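**Q** Here you go, sequence then predicted model.
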There are 2 protein chains.
Amino acid sequence: MDSVSIYAIAVGAVALIVAAILYFKVQAAPEGNEAMQRIARYIREGAMAFLAREYKVLAIYALFVFVAIVGLIGFVGHGGELERGVEAGVAFLAGAFLSLLAGFFGMKAATYANVRTSEAARAHGMPTALVLALDGGAVMGLCVAGLGLVGLGALYYLFQNADAHNLSNVLHAFAVGASSIALFARIGGGIYTKAADVGADIVGKVEANIPEDDPRNPGVIADNVGDNVGDIAGMGADIYESYIAAMVATMALGLTMPVEVLQILAPEVTDESALRLLAVGLPIFLATVGLGVSIAGIFVTRALKNMAPATVLRAALIVPPFLVTAGAAAVFPSLGVSMNAVLTLGAGALGGAIVGLITDYYTSMKPIRDVAQASITGPGTNVISGLAVGFQSVAIPLLVLCIVGWFSATAMGLELYGIALAAVGMLSGTAIVMTVDAYGPIADNAGGISEMSGLGPEVRTITDELDSVGNTTAAVGKGFAIGSAVLTVVALFAAFNMEVNANRARSGLEALDLSLVSAPVLLGILFGAILPCIVAASTMTAVGRAAGAIVEEIRRQFREIPGLLEGKPGVDPDSARIVDLATGAAIKEMILPGVIAVVAPVVIGFGLGAEVLAGALAGATAVGAVIALFMANAGGAWDNAKKHIEKGGLEGHKKGSDAHKAAVVGDTVGDPFKDTSGPGVSILIKVMGVVSLLIAPLLH
Amino acid sequence: MDSVSIYAIAVGAVALIVAAILYFKVQAAPEGNEAMQRIARYIREGAMAFLAREYKVLAIYALFVFVAIVGLIGFVGHGGELERGVEAGVAFLAGAFLSLLAGFFGMKAATYANVRTSEAARAHGMPTALVLALDGGAVMGLCVAGLGLVGLGALYYLFQNADAHNLSNVLHAFAVGASSIALFARIGGGIYTKAADVGADIVGKVEANIPEDDPRNPGVIADNVGDNVGDIAGMGADIYESYIAAMVATMALGLTMPVEVLQILAPEVTDESALRLLAVGLPIFLATVGLGVSIAGIFVTRALKNMAPATVLRAALIVPPFLVTAGAAAVFPSLGVSMNAVLTLGAGALGGAIVGLITDYYTSMKPIRDVAQASITGPGTNVISGLAVGFQSVAIPLLVLCIVGWFSATAMGLELYGIALAAVGMLSGTAIVMTVDAYGPIADNAGGISEMSGLGPEVRTITDELDSVGNTTAAVGKGFAIGSAVLTVVALFAAFNMEVNANRARSGLEALDLSLVSAPVLLGILFGAILPCIVAASTMTAVGRAAGAIVEEIRRQFREIPGLLEGKPGVDPDSARIVDLATGAAIKEMILPGVIAVVAPVVIGFGLGAEVLAGALAGATAVGAVIALFMANAGGAWDNAKKHIEKGGLEGHKKGSDAHKAAVVGDTVGDPFKDTSGPGVSILIKVMGVVSLLIAPLLH
């Protein structure tokens, strides 16, 4: 384990080199005719303009947090030395900066890949288009995992010989950096994408009665920009942070778990410091193996381009963690790591697969047919039925996570370290999961560009097929993301408790009473339950407000630009203005929920004490997991129920029928559910966990 | 405190005598013309038929549980003696039977009062009609509180000298009896009322385009029956169980809390057994005072019949707990009870008032205007906006409950006993709260009867006004109910933990590790989070299925009964068949969620252990509180947003406009939210708490 950081940096660097090669390969592909190039340029410029404005806000935020971290750790913290504070502050900035970097390159690649995918579909057909879209996604996937691993590896390399307290400070600060960016990128991107989508649809499809992605609609470019800023940059930052947080939580537990528990991990290692080194290095080691497997997996997936893409991509999401487990089974004996750890990884892999497939079930099989059926009696019953599917869909994933947790912690005897390890195992395929996730919006954009630039129906058929595959894999990927997030939060939570108690022990205080019989803990649980609700409500109303502003502007353009609605040649909508409006609204609206998430644990921890904060984390996690799963799956079910009707799945009720209109209502409700509020809540609980972990050594 | 049980029985008996007098008074009032009498008879017969069938199912259920309790406590339990088991079993039956009795008389009175209220409105105008509706509700209110207090008082009288273990067994079993009936009555009634409402509306208002409550619609009688079985019998059982559960939890804590904490309650009482006697008797004492205050309150409310009824009824809900607090402040010094207990009661009263008024705000003021506004852009935005209001509305009530809990437990030093006491304080006005709650559906029914029997518009104006007052007070009452339920559950939960540890101490085991750092507790929290979701999902789909069956049958009648839709004189719909259908469906559908709620804690406790069960209770409570508040308030907001539009509150969009149609969609979604699933979830957590408390002495 001594040189695990070197391996991590090396494999991370390989991933980044592969990403660079794919980036240039995508960029070099032909980008089609002049109309396609123009549209793609609008989308790219819009997406980059959003990033630029978002980054400005984040820079101010980062400056504040940097000062706060330096101040708290450098002056207030245990043995406060300014140098320690600065180290943690810089680690925070590094964590944040690497996330931004991954988002920047990933989105650039995606906005190159979309139009080239259209062109490839036009010139060469399905397999070539599929590979181009995958390559675009792989840049994001490899950047996320590569930069994450290089960053964490370098940090560990620099601080592995520092004292445990110093090491944990920089690790936690790095994770807070990652989380903060994830939070704002996900919420801001989520608001942008859904405000643009809903706004464009309300005026275009409903009022003006023109098709989706019609070039006359001033909101269409913004809608396509939204796919990039929400589903690529936002999703990337989200997964990057899960990846980092799972590793950091495991490392923190490796530093603080009782030595008897770690002994189960490696029964033959008798020296405590060697044992801790092993426990701390293990997650980095597994992520390194996982990244290697994922790079290989990306190439295998590309090579299978002629097979049924839905099956191949689904396998690409599910198989890597099992390969990592198999690799661990082969290598662990030589490291002195017990089979219990292997079985824990296996449980994580299996749990992730089941959660992913269950999500797939609820958002594409019988439940969506039930929702479609309920649309026949109107939008009311459609909505009720989708909400019921959402609530139902919470049960099995949470149950599976409980079983995985029980198996790792209790059956394998690894306690909470085991739960953290299972989360790391589940996330070991991050590079390829992100690749497949980013593939979806690229294919979606390719479809939009084909439509707007008037490519023929045969091209549209190919891009539609690619898009529909993307919807399926998105469901599996989303299940994976939420599942690993919940386990990660449990691990973070455990690490937080350990840290607080370690600090209390240093100050000669006895361990905190975190018993459920204590009133502060119980009331903390109720208090924590409030936070996900606030974030859910505020993001939903934010989408509503932003969409309303976009609706007004689109209506104004149709009214005031002569010839626009009639489609007079040479008359173009002022798309840039909508892009600008959506950008401004999303960035303004992301601030409140974002700040609540970051500030809440600090205020609770310092104001009400560590017991209340511990309770609040538990309450927020339980409620947040429920809301995140409920919203993601209800949203997916409504979306696909609508598509099911459009594909003629409901006999006697085709596109345009009353049943279809009812299904569109559900889809509208589902949009902010699945792409804004649900992901926002799922990040909220991770951010709360990470921030709590950072301030844990300052709490008594 | 020695004779507290005598006082309780005496005041309870007075309440029952008053109830009997009001019952006969209502029955003796004139019941209008032949058409009104016929309709009222249909409703009464339908309601009674539902109760009869429900009671049959409950009898079988009760038999099973009786045998299980006798078996578990009589043979398995600590020092198991058959006699003890039989005592507990009989207490269970008594708790259940008294609930049924209250439901029976209350509903009978309500179904007499509805038509007589119409007739009073016709013959004498508003004030007389108001008093009649209130008297009908008061029978339910006084039966609920009177029977509850007589039952619990008698139980305490019989067992106060038994050993603590025996006493707690019978108390817990009594509460399980109350809870079980509440669970089934609330879920069954909720499914009935919403299936009939939605079914009648879909065919009547939407398809056949005939007004609400039109006598041609075969579903209208069932809809009116539903108001009785859901909002009177169901609500009554629900409040009865909160009332019992809050007292029992406080008594249980009085038996098991460390003596140092109880010392704060009465610093001058030095003898431990006297101290415990005081702590155990206090809740009964307070409920007795509260019932006295409520009886007086009912008469004061009647006397104010000429004032603005919305204000008077709102005050009737909020003022009694403050009067009880004032009474306590006067009496407590002579009992040696400290001012801390008075302040705790005051905090409970204030908290209840704030939660009630906040609920009122979210379901009748600015938020509903926002929802109405969002209806202009269609049903999608209406639904999103209502869901956002629902999530928002969770925050302040839960925060207030946290503050009340913190104040009672920490500031006043009464620990979890203080939280339980605050809940008792909040519920001390139960008789009058239930009176006002039951008033609402009576007024609603009176409106329906006026419409169906063709009374003039001036009568309809009066009954509409009465109905609209009922809607406002229903919101306040609902807030109160959920608020007190959450505090009660926290108290139950605390009592459960104390019981388990008391049992472990008896067996020489050390106290349970209920720390949040323990994996079983943490995973239990996640596991518990599943249960409210299952109940929410299954009750929502149950309403959908039952409504679907009703829709089919109404359509068939319109198709096959010649002259029905045309309104040919002498052609009547076959309402009885719909009533029968709804009854059968509701009773069938209530079984699964009901059994889950009762069985889950038993399976978790015995199968996975007390730590997991403790975690599961905490998780279910946090998630359940959120879902219950979310659903109740979103439902209320949609309902009133629709009414706001109907009253012309949205300029340019009147009844029948697209905005109104969009608002109707939200209302349809809100129906099962607020009247089936939300209340079902709120009962679920109470039932889980009570059942856990009963089995606590059997767990290690």
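**A** That came in fine, so what should we check first?
**Q** center of chain A - which residue?
**A** In chain A, the residue lying closest to the centroid (CA atoms, centre = their mean) is A:Asp238, at 3.1 Å.
**Q** what mean pLDDT does stretch A:208-221 have?
**A** Mean per-residue pLDDT for stretch A:208-221: 81.
**Q** Mind listing what's buried along that stretch?
**A** A:208, A:210, A:213-221 (16 or more other CB atoms under 10 Å in any protein chain shown). C-beta here means a position set from N, CA and C on the backbone, and glycine is covered the same way.
**Q** And the residue of the stretch 551-700 of chain A that's closest to chain B?
**A** A:Thr668 (3.0 Å; CB to the nearest CB).
**Q** elements contacting the helix or strand where that residue lies?
**A** Assessed by DSSP states H and E, A:Thr668 sits inside helix A:658-672. Where contact means 3 or more CB pairs under 8 Å, 6 or more residues apart in numbering or on different chains; DSSP states H and E, helix A:658-672 is packed against helix A:164-201, helix A:366-374, helix A:379-406, helix A:519-560, helix A:610-646, helix B:379-406.
**Q** show me the contacts for the residue in the stretch 351-500 of chain A that chain B sits nearest to.
**A** Chain B sits closest to A:Gly380 of the stretch 351-500 of chain A, with a gap of 3.0 Å, by CB to the nearest CB. Shown in contact with A:Gly380 (CB atoms under 8 Å, 6 or more residues apart in numbering or on different chains): B:198, B:664-665, B:667-669.
**Q** The residue of the stretch 551-700 of chain A closest to chain B: neighbour count?
**A** 28 (other CB atoms under 10 Å in any protein chain shown).
**Q** One more: A:Phe493?
**A** Per other CB under 10 Å, the neighbour tally for A:Phe493 reads 26.
**Q** what does A:Gly327 give?
**A** 18.
**Q** host element of it?
**A** In the assignment (DSSP H and E), A:Gly327 maps to helix A:309-335.
**Q** what do you get for A:Ala162?
**A** A:Ala162 belongs to no helix or strand, assigned by DSSP H and E.
**Q** Looking at it now. What's its pLDDT?
**A** 83.
**Q** Regarding it, what are the backbone dihedral angles?
**A** Main-chain dihedrals, A:Ala162, degrees, to the nearest 10: phi -70, psi 170.
**Q** Quick check: the gap between it and A:Ile695.
**A** Using CB to CB, to the nearest Å, A:Ala162 is found at 20 Å from A:Ile695.
**Q** Looking at these two, which is more packed in?
**A** Counted by other CB under 10 Å, A:Ala162 and A:Ile695 do not tie: A:Ile695 has more neighbours, with 26 against 14.
**Q** need the contact list for the more buried one.
**A** By CB under 8 Å, 6+ apart, the neighbours of A:Ile695 are A:72, A:601-602, A:605-606.
**Q** what's the angle from the helix or strand harbouring A:Ile295 to helix A:164-201?
**A** Using DSSP H and E, A:Ile295 maps to helix A:272-303. Here helix A:272-303 points in a direction 30 degrees away from that of helix A:164-201 (axes from the mean of the first three to the mean of the last three CA atoms, to 10 degrees).
**Q** Could you give me the buried positions within helix A:272-303?
**A** A:275-295, A:297-298, A:301-302.
**Q** Would you quantify the distance from the closest residue to A:Phe493 other than its chain neighbours to B:Leu421?
**A** Take A:Phe493 and drop its neighbours on the chain: the residue closest to it by CB to CB, 6 or more residues apart in numbering or on different chains is A:Leu617, 5.1 Å away. From A:Leu617 over to B:Leu421 the distance is 28 Å, taken as CB to CB.
**Q** Which positions in the stretch 501-650 of chain A make contact with chain B?
**A** A:501, A:513-517, A:519-523, A:525-530, A:532-534, A:536-538, A:540-541, A:543-544, A:547-548, A:551, A:614-615, A:618-619, A:621-623, A:625-626, A:630 (CB under 8 Å from any CB of the partner chain).
**Q** can you tell me which residues contact A:Met247?
**A** Here A:Met247 is in contact with A:152, A:283-284, A:287, A:424 (criterion: CB under 8 Å, 6+ apart).
**Q** what mean pLDDT does the host helix or strand of it have?
**A** Per DSSP H and E: A:Met247 is located in helix A:235-256. Helix A:235-256 shows a mean pLDDT of 91.
**Q** next one: stretch A:120-137
**A** Mean predicted confidence for stretch A:120-137 is 91.
**Q** buried sites along that stretch?
**A** Buried residues in stretch A:120-137, counted by 16+ other CB under 10 Å: A:120-122, A:126-137.
**Q** Contacts for that stretch, please.
**A** A:22, A:25-26, A:29-30, A:32, A:109-110, A:112-114, A:116-118, A:298, A:301-302, A:305-306, A:309, A:434-440, A:442-443, A:446, A:450, A:455-456, A:459, A:462-463, A:465-466.
**Q** ditto for stretch A:84-95
**A** A:62, A:65-67, A:69-75, A:77, A:151, A:155, A:159, A:166, A:169-178, A:181, A:244.
**Q** Export the contacts of A:Gly380 as JSON lines, with columns for pLDDT.
**A** Listed next are the contacts of A:Gly380 as JSON lines, based on pLDDT from 0 to 100:
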{"residue": "B:Val198", "pLDDT": "85"}
{"residue": "B:Val664", "pLDDT": "88"}
{"residue": "B:Val665", "pLDDT": "89"}
{"residue": "B:Asp667", "pLDDT": "90"}
{"residue": "B:Thr668", "pLDDT": "88"}
{"residue": "B:Val669", "pLDDT": "91"}
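**Q** hmm, back to that, what packs against the helix or strand that the helix holding A:Gly327 is followed by?
**A** Once helix A:309-335 ends, the next helix or strand along the chain (criterion: DSSP H and E) is helix A:339-364. Of the remaining helices and strands, those touching helix A:339-364 by 3+ CB pairs under 8 Å, 6+ apart are helix A:259-265, helix A:309-335, helix A:379-406, helix A:415-426, helix A:457-506, helix A:610-646.
**Q** can I get those helices in JSON lines with mean pLDDT?
**A** JSON lines is the format used below for the helices and strands packed on helix A:339-364 (pLDDT from 0 to 100):
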{"stretch": "helix A:259-265", "mean pLDDT": "89"}
{"stretch": "helix A:309-335", "mean pLDDT": "86"}
{"stretch": "helix A:379-406", "mean pLDDT": "93"}
{"stretch": "helix A:415-426", "mean pLDDT": "91"}
{"stretch": "helix A:457-506", "mean pLDDT": "84"}
{"stretch": "helix A:610-646", "mean pLDDT": "92"}
